[in-house]
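**Student:** How does the following fold in three dimensions:
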Amino acid sequence: MSEKDEHGSRPESRLLKAVLLVAIFALLLLALLLIAQYQGLRRENLVPQHHSILSSLKQNGTLAPQDSNLIGTWMTFDYIDYIFSLPPSYLQNALSIHDPRYPHVTIEEYAEDAHLGLNGTLQAVQAAVRSYTPAQ
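**Tutor:** Predicted structure coming up:
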């Protein structure tokens, strides 16, 4: 058992406090660096701008077909169906999609696995959404 120093604390507890203080400082520094990097990525438009989609949602929670330019390759087909109020099989039929993961696959994953160009696939999805007319 160690003896207490002139301040009434044990050397082990002082060492533990110092290590904890350094660890907390390091975590704060890392958090600040992470925030700075994230902001840089946002400025370079390398992080999806989800807020632009949310701000475009109408009162009933859906987007209009003319908002199809907001579709991103990170979106799944079921998410696109939801935000544009499309029938569940509309995009599958319009784009002749036979992927068994449909509608729970992103545009990017679908294009990659089907060996299609990503930009062409995105444009085809956007065009299909723009051309959708609900049945009366």
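
**Student:** Next, count neighbours for P103.
**Tutor:** Other residues near P103 number 19, with proximity taken as other Cβ atoms under 10 Å. Quick note: C-beta positions are derived from backbone N, CA and C, even for glycine.

**Student:** is it fair to say it lies in a helix?
**Tutor:** No - according to DSSP: H, G, I helix; E, B strand; the rest coil, the state of P103 is coil, so it is not within a helix.

**Student:** From what I see, it and P87 are in contact.
**Tutor:** No - with contacts counted by Cβ atoms under 8 Å, P103 stays clear of P87, the gap being 10.9 Å.

**Student:** Which residues are in contact with each of those two?
**Tutor:** Residues touching both P103 and P87 by Cβ atoms under 8 Å, 6 or more residues apart in numbering: D81.

**Student:** now stretch 128-136, how far from the chain's geometric center?
**Tutor:** 27 Å (Cα atoms, centre = their mean, to the nearest Å).

**Student:** So for it, what gets flagged as buried?
**Tutor:** A128, V129, Y132 (16 or more other Cβ atoms under 10 Å).

**Student:** Export these as JSON lines, with columns for secondary structure.
**Tutor:** Compiled in JSON lines, these are given as follows (three-state DSSP):
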{"residue": "A128", "secondary structure": "helix"}
{"residue": "V129", "secondary structure": "helix"}
{"residue": "Y132", "secondary structure": "coil"}
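
**Student:** Kindly reformat those residues as a markdown table containing distance to Q66.
**Tutor:** Putting the buried residues of stretch 128-136 into a markdown table (distance: Cβ to Cβ, whole Å) gives the following:
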| residue | distance to Q66 |
| --- | --- |
| A128 | 13 |
| V129 | 9 |
| Y132 | 11 |
